[in-house]
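S.K.: Sequence and predicted structure, then a few things I'm wondering about:
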Amino acid sequence: MTPTTPIGAGKPQLACSFCGKRMDEVTQLVEGPGVQICDGCVELCSEAVAEGARNRAQAEQGGRELPRPWELRGFLDGYVVGQDTAKRALCVAVYNHYKRVDRAAALGPDAVELAKSNILLLGPTGSGKTLLTQSLARILDVPYVAVDATGLTEAGYVGEDVDSILTKLLRAAGNDPRKAETGIVYLDEIDKLARSPQASSGGRDVSGEGVQQALLKILEGTVVTLSGGDKGAQAVRGRGYSSREPVRIDTSGILFIAAGAFSGLEEIVDKRRSRGSVGFGGALQTSASAADRTGAAGVTAADLVKFGLIPEFIGRFPVLTALRRLDRSDLLRVLTEPRNALVKQYQTLFELDGVELEFEQEALEAVADEAIARETGARGLRGILEDALIPAMYDIPSLRDIVRVTVTADVITDRVEPVLTVAETGRDRRAGSAG
């Protein structure tokens, strides 16, 4: 292409090859080998190319119909027991996030910009935080990666820097950068990034406040360039990228869900209230904090700052919700009701050996009580059942005459062996006595 030809340069009157307008009828005319194009047609072509790009992006990102909040809630109910308030807040936030991503692809840069809806979950161990996020990623069919925040450090120190999060998301996306840009990142144990006493006294806090600072840009939305030598860039080899070609990831469409137990936060809240602060009901009407808007057990942004999170970090999570501790009735439901309930899983395993597995109600109650005693919530249920069933799972593959295994309460409380029922005779014996 030659430089733009100014009007009145003394050359023969040329015309645009697309619209036919003469040089003196347009502002600029660009000449090429045997062809000319005016500035007006260039603008029209640019708009057409941009519209095509938006349509392709919309087809890729919004080709599926986005599930509505009540549909997301119905799916979660099939896997997670209770936590109604948290489910509702999560479903609305996730729906708004992907609606924002899809509309941005369809409407282009001139549309009203919608802020990200990153989510902060507060809840004790075993309350369902991880399972909720995993289930949402499954129904949305988006890449998902869970990252332990305790392993993150500032760049240049031993450990994983924040760019490693995008590396893992790339792998979860099948090494497709564009698909990774619509994924979900779950930051577990985020409360462990609270500012340390050493940082307050002038020491270097490379795995606390320093990591919070490093996360700010990718949480809000930025383009991160992974150089050709980075593990993230190397991960996309075979998709048209050379080993030295940088990989650019736009985090604007990535949903970040951070979660933690925040042990000790309740004491900060109680202390604030005991000083005569406005109660939660009043704060809901007078405060604009994210915590007050969502009703996260009365927690405010100021409480989280006192806990050790920096204000800028808290501000990147406009949606704040709390999960309650599961009680005995909840744990009993977790054992039996979800689609992938633990009792159903173990019964399926035994069926593969042609054996029926039966749990007495008192045994299930003993399992729930043990989980409460260990303060592990739903997360500890599998370990309790595994310990109880190992003797039977060891014996059953070698015994052809066993038709049923029964788990009684004393299997859990007294660590005795499950009861094995022999075919035809119906005679019972304990596992571990096979000889």
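M.R.: Thanks, I have the structure now. Values in this document were obtained by computation on a predicted structure and should not be read as measured data.

S.K.: Please make it C-alpha for all contacts and neighbour counts, starting now.
M.R.: Noted.

S.K.: Quick check: end-to-end length of stretch 408-421?
M.R.: Start and end residues of stretch 408-421 are separated by 13 Å (Cα to Cα, to the nearest Å).

S.K.: Ok, stretch 32-40 next?
M.R.: 16 Å.

S.K.: Return the set of buried residues in that stretch.
M.R.: Neighbour-count burial for stretch 32-40 flags 36-38, 40 (criterion: 16 or more other Cα atoms under 10 Å).

S.K.: Next: stretch 367-382.
M.R.: For stretch 367-382, by 16+ other Cα under 10 Å, it's 367-372, 375-378, 380-382.

S.K.: Now do stretch 213-227: distance to the chain's middle.
M.R.: Remark: stretch 213-227 is offset 17 Å from the chain centroid, using Cα atoms, centre = their mean, to the nearest Å.

S.K.: quick one: contacts of it?
M.R.: Residues outside stretch 213-227 that contact it (Cα atoms under 8 Å, 6 or more residues apart in numbering): 116, 118, 154, 162-163, 232-233, 244-253, 256, 312-313, 316.

S.K.: same thing but 7 Å
M.R.: Applying Cα atoms under 7 Å, 6 or more residues apart in numbering, the contact partners of stretch 213-227 are 154, 162, 232-233, 245-252, 256, 313, 316.

S.K.: Tabulate the buried residues of stretch 32-40 (a markdown table), appending pLDDT, distance to residue 331 and secondary structure.
M.R.: As requested, the buried residues of stretch 32-40 are arranged in a markdown table below (pLDDT from 0 to 100; distance: Cα to Cα, whole Å; DSSP: H, G, I helix; E, B strand; the rest coil):
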| residue | pLDDT | distance to residue 331 | secondary structure |
| --- | --- | --- | --- |
| 36 | 85 | 74 | strand |
| 37 | 88 | 71 | strand |
| 38 | 86 | 71 | strand |
| 40 | 84 | 68 | helix |
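
S.K.: nearest to residue 192, of the residues you listed?
M.R.: Comparing the buried residues of stretch 32-40 against residue 192 with Cα to Cα picks out residue 40 as the nearest, at 57.4 Å.

S.K.: Name the nearest residue to that closest one, sequence neighbours excluded.
M.R.: Spatial nearest neighbour of residue 40, excluding adjacent residues (Cα to Cα, 6 or more residues apart in numbering): residue 26 at 7.7 Å.

S.K.: Ok, residue 263 next?
M.R.: residue 124 (7.9 Å).

S.K.: any idea of the mean pLDDT in the helix or strand harbouring residue 344?
M.R.: Taking DSSP states H and E as the criterion, residue 344 maps to helix 342-351. In this model, helix 342-351 carries a mean pLDDT of 96.

S.K.: mind showing which ranges of the stretch 251-400 of the chain have poor pLDDT?
M.R.: Residue ranges of the stretch 251-400 of the chain with pLDDT under 70: 276-297.

S.K.: before we move on, back to that, show me what the helix holding residue 344 packs onto, helices and strands only.
M.R.: Helices and strands touching helix 342-351, by 3 or more Cα pairs under 7 Å, 6 or more residues apart in numbering; DSSP states H and E, are helix 328-336, strand 356-359.

S.K.: okay if I get these as TSV plus mean neighbour count and distance to residue 68?
M.R.: Below are the helices and strands packed on helix 342-351 laid out as TSV (neighbours: other Cα atoms under 10 Å; distance: least, Cα to Cα, whole Å):
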stretch	mean neighbour count	distance to residue 68
helix 328-336	19	25
strand 356-359	18	38
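
S.K.: which stretch among the ones you listed comes nearest residue 188?
M.R.: helix 328-336 (21.6 Å).

S.K.: residues making contact with the closest one?
M.R.: 81, 341-344, 364-365, 368-369, 378.

S.K.: what's the most distant pair in these?
M.R.: Most distant of these, by Cα to Cα, are 344 and 369, 19.6 Å apart.

S.K.: Spit out the contact partners of the residue lying closest to residue 358 once chain neighbours are set aside.
M.R.: Distances taken as Cα to Cα, 6+ apart place residue 406 nearest to residue 358, at 4.7 Å, with adjacent residues excluded. By Cα under 7 Å, 6+ apart, the contact set of residue 406 is 357-359, 418-420.

S.K.: Strand partners (parallel or antiparallel) of the host helix or strand of residue 406?
M.R.: Assigned by DSSP H and E, residue 406 belongs to strand 402-407. According to DSSP bridges, strand 402-407 has the following sheet partners: strand 356-359 (parallel), strand 419-422 (antiparallel).

S.K.: Export the helices and strands packed on helix 342-351 as JSON lines, with columns for distance to residue 188.
M.R.: Listed next are these as JSON lines, based on distance: least, Cα to Cα, whole Å:
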{"stretch": "helix 328-336", "distance to residue 188": "22"}
{"stretch": "strand 356-359", "distance to residue 188": "33"}
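
S.K.: of those, which approaches residue 302 most closely?
M.R.: helix 328-336 (31.6 Å).

S.K.: Could you point out which of the helices and strands packed on helix 342-351 sits nearest residue 96?
M.R.: helix 328-336 (28.8 Å).

S.K.: got the CA positions of that closest one in CSV?
M.R.: Output in CSV follows, covering the C-alpha atoms of helix 328-336 (Å, rounded to 0.1, in the frame of the first residue of the first chain):
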residue,chain,number,x,y,z
ARG,A,328,-26.5,-33.4,62.5
SER,A,329,-29.6,-33.5,60.3
ASP,A,330,-27.6,-31.8,57.5
LEU,A,331,-24.9,-34.4,57.7
LEU,A,332,-27.4,-37.2,57.6
ARG,A,333,-28.9,-35.8,54.4
VAL,A,334,-25.4,-35.4,52.9
LEU,A,335,-24.8,-39.1,53.5
THR,A,336,-28.0,-40.2,51.6
